[in-house]
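Participant: Sharing a model prediction with you, sequence too.
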Amino acid sequence: MATANYTDFYCSLEHAQNCSEVAGGQVSPNWYCIPTCYNGRTSSLRISGQPIRRPWGVVQESGPSSQPTWSPSQRLDFELEMGVFLSKAIPAGQVLDIRHAKEHIFGFVLLNDWSARDIQKFEMPPLGPFHSKGFGTTISPWIVTMEALEPVACPRVTQQNPSPLPHLTWKDSAESEIFKIELSAKILMYHVTSTNLNELYWTPYQQLTYLASAGEGLSTGDILGTGTLSSNRQSPEGEKAGLACLLERMMPKNKMSVLKNEGIEFLEDGDEVVFEGWCYHPKTSRWFGFGECRARVLQALSLEAL
């Protein structure tokens, strides 16, 4: 894929609620009206197996009255997402009818939208993330096509309230609104996330339709990230099992014992994050998958001379 554009969404209700609570606020009302997103950098894309280097950035560790510093991120995080590759361009000046959204998607990959939370916290106001997201985005190496995913098409799990605007309302059968794809994340040998694509609030078809709705045009090979795929599912032990990043586990109610016992809050140098995705074929009773989305964290560059 020759990728000209990369857009990342923010479309999981559980993720939006948790992140808003961590920040001391509530989910913005417009989040329920549009699939929120930002345009990222294609230079950040890495294939599974390539390492990710801890980024430098401007942080403000001790609150708003402290002096900002340029230093390596100390709060490196992963975000478990899926990537959607486009196969059919949308010319600039045209918009996309949601009934034709499927025709423009080639297939899906696993996607890790690496995030430097301390850099992100300082740079977010007023225009959103930049360096905190642009240093690395890992994707799995094989694209699973729309044709291969047809057997796992399913209805949405998370209901939308209020109902979406007419141009974002799914007009095909509800049975084909999204795909059932079981996803997991591991840090080193610790399994820390179990979730599913079908638990998104805004589906990839709605995301693509919204992305094209202002007439900016999209190119073959473009990729969009679904946004962090957090869910509210619990483990047999009663712990939150569906949280798809470490930021959400800062909340006392979201702590996971295996991470707490090992002292894991954010990612350390040498940590390796591995995503997997699997689909169960209802006719063959067999599983098919996406391969791995894997990367190891390298220490930040040594820049003391600067």
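Facilitator: In hand now; what should we look at?
Participant: Every contact and neighbour count from this point should use C-alpha atoms.
Facilitator: Will do.
Participant: State the pLDDT value of the residue nearest to Ala174 when sequence neighbours are not counted.
Facilitator: Leaving out its chain neighbours, the residue that sits closest to Ala174 by Cα to Cα, 6 or more residues apart in numbering is Pro155, at 5.1 Å. Looking at Pro155, its pLDDT is 97.
Participant: From Phe9, how far off is Pro155?
Facilitator: Applying Cα to Cα, to the nearest Å, the value for Pro155 to Phe9 is 20 Å.
Participant: Next: Lys255.
Facilitator: Taking Cα to Cα, one finds Lys255 at 25 Å from Phe9.
Participant: Check Ala92 too.
Facilitator: Taking Cα to Cα, one finds Ala92 at 21 Å from Phe9.
Participant: okay, those two: which has more neighbours?
Facilitator: Between Ala92 and Phe9, Phe9 has the larger neighbour count (other Cα atoms under 10 Å), namely 21 against 13.
Participant: quick one: contacts for the more buried one?
Facilitator: With contact taken as Cα atoms under 8 Å, 6 or more residues apart in numbering, Phe9 is in contact with 35-38, 207, 224-227.
Participant: So what sits opposite it in the bridge?
Facilitator: Here Phe9 sits in beta bridges with Cys37, going by DSSP bridges.
Participant: Not counting its own residues, what contacts the longest strand seen in the chain?
Facilitator: Assignment by DSSP state E gives strand 286-298 as the longest strand of the chain. For strand 286-298, the external contacting residues (Cα under 8 Å, 6+ apart) are 47-54, 109-112, 138-144, 267-281.
Participant: which residues touch the helix-or-strand element of the chain with minimal mean pLDDT?
Facilitator: When the helices and strands of the chain are compared on mean pLDDT, DSSP states H and E, helix 257-262 comes out lowest with a mean of 90. Residues outside helix 257-262 that contact it (Cα under 8 Å, 6+ apart): 190, 265.
Participant: other SSEs contacting the helix or strand that that helix is followed by?
Facilitator: The first helix or strand that comes after helix 257-262 along the chain, using DSSP states H and E, is strand 272-281. Strand 272-281 sits against strand 105-113, strand 182-187, strand 286-298, with contacts defined as 3 or more Cα pairs under 8 Å, 6 or more residues apart in numbering; DSSP states H and E.
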